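Asker: Sharing a model that was predicted from the sequence below.
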Amino acid sequence: AIDPEDPLATFRGRNGGYLQVLSSSGEKLATYKLDAPPEFDGLIAAENRLFMSTVDGTIQCFGK
C-alpha cells in the first residue's frame, strides 16, 4: 500500500519488506517479515543457508 504522506517509503526501505522462500516449482514455502530491506547485492547463499545484509546494518542468517 502507498502511504499518501510518504509515497516513496516502500521504495526507499522505510516500510521494511518481506523475504519469500519458493520451491523450484514456484510453490511458496515460507514468508519472513523484514524490518529493513536487503542492501543492493547483499544476499549470499552458502552451506544451505542464506545470509542477508540489510540497509540498517544488520546481518541475518536463514537456514538450519
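Answerer: Sure thing, it's come through.

Asker: give me the element the spatially most central residue of the chain is part of.
Answerer: Residue closest to the average C-alpha location in the chain (Cα atoms, centre = their mean): Leu19, at 4.1 Å. In this structure, Leu19 sits in strand 17-22 according to DSSP states H and E.

Asker: which ones are touching the residue lying closest to Gln20 once chain neighbours are set aside?
Answerer: Among residues not flanking Gln20 along the chain, Thr31 sits closest, at 5.1 Å (Cβ to Cβ, 6 or more residues apart in numbering). All C-beta spots, glycine's among them, are computed from the backbone N, C-alpha and C. Counting by Cβ atoms under 8 Å, 6 or more residues apart in numbering, Thr31 touches 18-21.

Asker: one step back: on the C-terminal side of the strand holding Leu19, identify the next helix or strand.
Answerer: Proceeding N to C from strand 17-22, the next assigned helix or strand is strand 28-34, under DSSP H and E.

Asker: So what are the sheet partners of that next one and their directions?
Answerer: strand 17-22 (antiparallel) (DSSP bridges).

Asker: Please list the residues outside the partner strand that contact it.
Answerer: 28-34, 36-38, 52, 62.

Asker: Buried ones in that strand, by neighbour count?
Answerer: Neighbour-count burial for strand 17-22, counted by 16 or more other Cβ atoms under 10 Å, picks out Leu19.

Asker: C-alpha coordinates for it, PDB please?
Answerer: Provided in PDB are the C-alpha atoms of strand 17-22 (Å, rounded to 0.1, in the frame of the first residue of the first chain):
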ATOM      1  CA  GLY A  17       9.700  -5.800   3.500                       C
ATOM      2  CA  TYR A  18       9.300  -9.500   3.100                       C
ATOM      3  CA  LEU A  19      11.500 -12.400   2.100                       C
ATOM      4  CA  GLN A  20       9.700 -15.200   0.400                       C
ATOM      5  CA  VAL A  21      11.100 -18.800   0.100                       C
ATOM      6  CA  LEU A  22       9.900 -20.600  -3.100                       C
END
